[in-house]
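In: Sequence below, structure please.
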Amino acid sequence: MKISLFRLFILVLFLIKTSFGQELSNLQVFNNLTDSVSEKIIRALPDSNSNLLITLKNEGNLNIFYEFIKIKLIRSGIKLGSEFEYDEKISLSFSEAKVEYKNLFKDHLFGNYFMTREINLSGNFILERKNEVFDFNFSSSDTVGFDNYTKLESKIYPITEGIPPKEPFFSNLIEPIIAIAATATAVILFFTIRSK
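Out: Below is the predicted model of the structure:
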């Protein structure tokens, strides 16, 4: 009976440890933001059954967002037309794709550093036949570990990289002093009480 309770206890500890979610990479967060852009495009379309031609005004690393949006549109049932056959043409442009790390803090005195991660994606798209412009600005904010932020970035896509805040100097100095002082006090008290 004691062995089975011990196994149950270990199992519960294991489940608690693994139940915390893994942090999304910056590229995954950008993918989620492009889902919002895709939904805005779908809502703006006059007819969801029309053939759609999308052109991207940006070049370089931002092409990945264009691909994310095309995938979402296709999965939503939108037909993508060719240069010669389309019912509506969209010109898509991204004005900002940025990752920022802010507000470095600790969860407790000797704990790990965390920081706020803010990711922003903004731009506009033009429905050429309707001659309408739609602006978008979507952002995400959450908390990530300071030690793990490089694992969330992708070297292939520099837009997923941000500049972390600097670690405070005095915090790194004070914690070892507190630990040494607490240890010295414990040793002094131990020998003082023991000698009496």
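
In: And stretch 138-145, how far out from the chain middle?
Out: For stretch 138-145, the gap between its own C-alpha mean and the chain's C-alpha mean amounts to 5 Å (CA atoms, centre = their mean, to the nearest Å).

In: Helices of the chain, residue ranges please.
Out: Ranges of helices in the chain, per DSSP state H, are 2-18, 26-44, 63-75, 149-152, 169-195.

In: Comparing the ones you listed by mean pLDDT, which bottoms out?
Out: Set side by side, those give their lowest mean pLDDT on helix 2-18, at a mean of 56.

In: quick one, domains of the protein?
Out: 19-165, 166-196 (automatic domain parsing).

In: highest average neighbour count across these?
Out: domain 19-165 (a mean of 15; mean count of other CB atoms under 10 Å). For every residue, glycine as well, the C-beta is placed using N, CA and C.

In: How far off centre is that domain?
Out: 11 Å.

In: contacting residues for Phe146?
Out: Leu104, Asn112, Tyr113, Phe114, Met115, Pro164, Glu167 (CB atoms under 8 Å, 6 or more residues apart in numbering).

In: got a list of what the first one touches?
Out: So the one you mean is Leu104. Contacts of Leu104 by CB under 8 Å, 6+ apart are Tyr113, Phe114, Met115, Phe146, Pro164, Pro165, Lys166, Glu167, Pro168.

In: go with 7 Å
Out: Tyr113, Met115, Phe146, Pro165, Glu167 (CB atoms under 7 Å, 6 or more residues apart in numbering).

In: Look up how far Glu132 lies from Pro46.
Out: 10 Å (CB to CB, to the nearest Å).

In: same thing with Asn103?
Out: 38 Å.

In: How about Leu92?
Out: From Leu92 to Glu132 the distance is 14 Å (CB to CB).

In: before we move on, what about Lys151?
Out: 41 Å.

In: ok, now Glu83?
Out: 21 Å.

In: same deal with Ala44?
Out: Counting by CB to CB, the gap from Ala44 to Glu132 is 7 Å.

In: Also Ser25?
Out: Taking CB to CB as the measure, Ser25 falls 34 Å from Glu132.

In: With Asp107 instead?
Out: For Asp107, the distance to Glu132 - CB to CB - is 47 Å.

In: next one: Asn112
Out: For Asn112, the distance to Glu132 - CB to CB - is 48 Å.

In: Check Gly162 too.
Out: Gly162 is 33 Å from Glu132, by CB to CB.

In: CA atoms of stretch 83-102 as CSV?
Out: Output of stretch 83-102 as CSV, limited to C-alpha atoms (Å, rounded to 0.1, in the frame of the first residue of the first chain):
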residue,chain,number,x,y,z
GLU,A,83,-2.3,36.6,-62.7
PHE,A,84,-4.7,36.2,-65.6
GLU,A,85,-7.8,34.8,-63.8
TYR,A,86,-9.1,36.4,-60.6
ASP,A,87,-12.2,38.1,-59.3
GLU,A,88,-10.4,40.3,-56.7
LYS,A,89,-6.8,41.4,-56.3
ILE,A,90,-5.2,42.3,-53.0
SER,A,91,-2.0,44.2,-52.6
LEU,A,92,-0.6,43.4,-49.2
SER,A,93,2.1,45.4,-47.4
PHE,A,94,3.7,45.0,-44.0
SER,A,95,4.9,48.3,-42.4
GLU,A,96,6.2,46.8,-39.2
ALA,A,97,7.2,43.4,-37.8
LYS,A,98,9.0,43.8,-34.5
VAL,A,99,10.0,41.9,-31.4
GLU,A,100,10.6,43.8,-28.2
TYR,A,101,11.7,42.6,-24.8
LYS,A,102,11.0,44.9,-21.8
